[in-house]
Every structure is written in structure tokens, then in C-alpha cells.
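Chemist: requesting a structural model of the entry that follows:
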Amino acid sequence: MNPRSIVRIVRFASALVPAVVLSFSVHADKFIAYVGTYTGPKSDGIYAYRFDSDTGKAESLGLVATTQNPTFLAVHPDGKHLYAANETDQWKGQPGGYVTAYGIDTASGKLTELNAQSTVGGGPCNVNVDATGRTLIAANYGGGSVVSFPIAADGSLQPHASFIQHTGSSVNPQRQKEAHAHSANLSPDNRLVFVCDLGMDKVMIYDLDAAKATLTAHQPAYARLAPGAGPRHFAWSPDGKFAFVNGEMQSTLTSFSYDAAKGSLMPVHTAPTLPADFKADSTTAEVRMHPNGKFVYVSNRGHDSITVFRTDGKGGLSAVEHVSTQGKTPRNFNFDPSGKWLWAENQESGSIFIFAVNADTGHLTPTGQKLEVGAPVCVRFVANH
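Modeler: From the prediction side, this is the model:
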């Protein structure tokens, strides 16, 4: 076998890693749903629910970890470890937030803290684990930076291996005077990290060395969004050919075509997430694509809804419906691994509502199931074996 054939086989195998991890979970029907929150009068940390994807029923497991502002969570590919972005500006008397590593007991749902590491920058608001399970990446909103950590064999976090400070601004004088990194997202083949920066109206692109847990600037270095859009979160199509970014400040969804060979994004279509007759203040929060690749969903804070878009397979978007989340200030939402159910977290009203998903039409139907938890922000699912 010639060297080029070997390289192609290795690249193909590495591209399959995320798909293999996902398929392992999808065939299960019992899950634990972990909910990250802003801590305060009605929340003390991370909460959990046992969830049956056959029936759509959730059973509270209560508080499973006490920790400060564990707003966003990420699950290790092994399903045995969970990581939280602790959204603070100081930790142990030093500037910057921190990230915490936990071991998961899937029998009880309880989390055991392994350790924590400083994110160096303030206000970490998003975390993600690469497909090999060797690197954790965090985006610091307040600090406008991105940081990466090696993950040890026991799931604990080692001190950061790279830290990149974003510098720049954009047209909104209130919110874009400086950089605000909002999410870190892995490419389908695990080679690149795409960091949405609200303050710069850019999606920054980095090369990932998962073995060393390091990030370095890629060329091209970024993709642009419209001035004042405020890119926040990021979703891939299942085939990896398209990416979708929600503009927080202009309530938009932008599709990009992805050139995997170059690691570049090219904008295709931008669509409004709000009804034409809605004139009050609203900002987007989360974007998710249904596992079948036909529909993209975006949450609207102010309109307090989820907008459903149909995709045409070429990056085109058409609005299907706007569905109330039955609460105030919907943040992150997520599909369970079966794709049959959507959990919508309403931060201000302290509620999570579960919706049934019609995979053929994209429509969301309220199930009437309401879960009460203080200031919920994020939900992640772990297979309950």
C-alpha cells in the first residue's frame, strides 16, 4: 500500500470517531440528563434527570454537584466524565473563571469532582471536548479568549496547554468594544476548532493538536458575519458540509458551506429568526440541527420561542414555525440522542419544557411535561447503561 493510501485511510478513520461515539449512545433508550445553571436563590449547581427516550418521561435525580455557576457542560466521549464551565470572573483570589472535571456514576447520576483548572480569562461560558477525549476547550466571554486543557487518563484536567487572547471590536458600541469569545466548536474530522466571537463578528479558526491539547492559528484565520450580528453558537450538518451560526444581536441564522480541505467557511444564506411583525427586543441564544439534517432550530430570548428552519441541502433556509418555549429567556436547548424530544431551558422562569419532535415536518409539540430548576442554562445527555 502506498503512503497516500495510508494517509487517506487514517483521515477517514479519524473522521468517523464522532460518528462512532454518537451511534454508541443513540441505540440506548435510557439517559441521564445533566442541567447546568446559574447558581443563586433557587440553584446550587448541576441537576440531573433520568430520561426514557421511548416514553419521553423524565424523573428528577435532584442536585448532583454543588458548584458555582456551572452554566455550560460537556460530556467526555467515554460517557464517564463531565466538565463544567464555571462562569465567574475570579477563582481562588485570582482573575479568571474556571472549569471543573467530574466523574459520572451512571447508576445514581451523582457527580464526583476530580479537580478544577483556571481558564485564565474571565467569564468562561462554553466548553467542549474533542473526539479523542484528550482535549478540553473553553471560551471565555468576559475575557475574550480561548483556552485548551489536556485531559488525563482518569478524566481530570491538567493545567492549560494553550491560551489565545482575541483582540478586536465591531460596530455596536455597547457590546462590541472588545472581543467576547462565546463558543468553541470542533470540526467533524477533529482537526479544527471554530470559536464564535460576538465582539468581533468573526468565527475564529484554529488548528488542534489533540495529542498535545494545543491550538494554533489556522489559515484562513476566520470567517466573517455581518457587522453587528454578534456570532454566538455553532452547529454542523450531519454530513459536515454546512455550518450554522446564530447572530445573537441581530436575531439571525447564517448558513456556511464548509471546505474541509481548506478548513474555510463561506456564507450562503442569512435568515431572520423572528416573525416580521415582532418589534420588541429579542436576542438569539442557541442553534441546533436535528440529527436527520433536515431542520435547524434557534432559540429567541425576548420573543421566548424556538424558530424552526427547513434546510434545502445547499445551505438555503426557510422558516417553518415559531414555537413558544412556555417560559422566559430560553437559553440552550438540546435534542435527546434519539432525536425524538427537545428540552428547552427557560432561564428567567426556572423551567424546562419537553417537546415532541416530528422528524418529517420539524414541528415541535408540547408534551405538557415541565421540570422546575433554578436558572437552567444547558442540558447534556449521557447513556444510562
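Chemist: following the chain onward from the helix or strand encompassing residue 128, which element is next?
Modeler: Using DSSP states H and E, residue 128 sits within strand 124-129. With elements assigned by DSSP H and E, the helix or strand that comes after strand 124-129 is strand 135-140.
Chemist: contact partners of that following strand?
Modeler: Residues from elsewhere that reach strand 135-140, judged by Cβ atoms under 8 Å, 6 or more residues apart in numbering: 74, 83, 85, 96-97, 99, 101, 119-130, 145-151, 157, 161, 181-184, 186, 193, 195-196, 208, 210, 213, 215. Using the backbone N, CA and C atoms, a C-beta is placed for each residue, glycine as well.
Chemist: also stretch 232-245?
Modeler: 15, 126, 182-183, 185, 187-189, 194, 196, 198, 203, 225, 231, 246-248, 253-258, 260, 265, 268, 284-289, 291-293, 296, 311, 315.
Chemist: list the buried residues of it.
Modeler: Neighbour counts using 16 or more other Cβ atoms under 10 Å place 232, 233, 234, 235, 236, 237, 241, 242, 243, 244, 245 of stretch 232-245 among the buried residues.
Chemist: tell me the pLDDT of the third one.
Modeler: Just to be clear, that refers to residue 234. Note on residue 234: pLDDT of 98.
Chemist: can you get me a residue count around residue 275?
Modeler: 13 (other Cβ atoms under 10 Å).
Chemist: pretty sure it contacts residue 322?
Modeler: Yes: counting by Cβ atoms under 8 Å, residue 322 is a contact partner of residue 275 at 5.8 Å.
Chemist: tell me who's in contact with the nearest residue to residue 123 once chain neighbours are set aside.
Modeler: Nearest residue to residue 123, sequence neighbours excluded (Cβ to Cβ, 6 or more residues apart in numbering): residue 142, at 2.7 Å. When contacts are counted by Cβ under 8 Å, 6+ apart, residue 142 touches 89, 97, 121, 122, 123, 180.
Chemist: and the strands in the stretch 101-250 of the chain?
Modeler: Counting by DSSP state E, counting those that start in this stretch, the stretch 101-250 of the chain has these strands, from start to end: 111-118, 124-129, 135-140, 145-150, 162-165, 181-186, 192-197, 202-209, 214-224, 231-236, 242-247.
Chemist: residue 339: which of these is closest?
Modeler: Closest to residue 339 of the strands of the stretch 101-250 of the chain is strand 231-236 (Cβ to Cβ; 13.8 Å).
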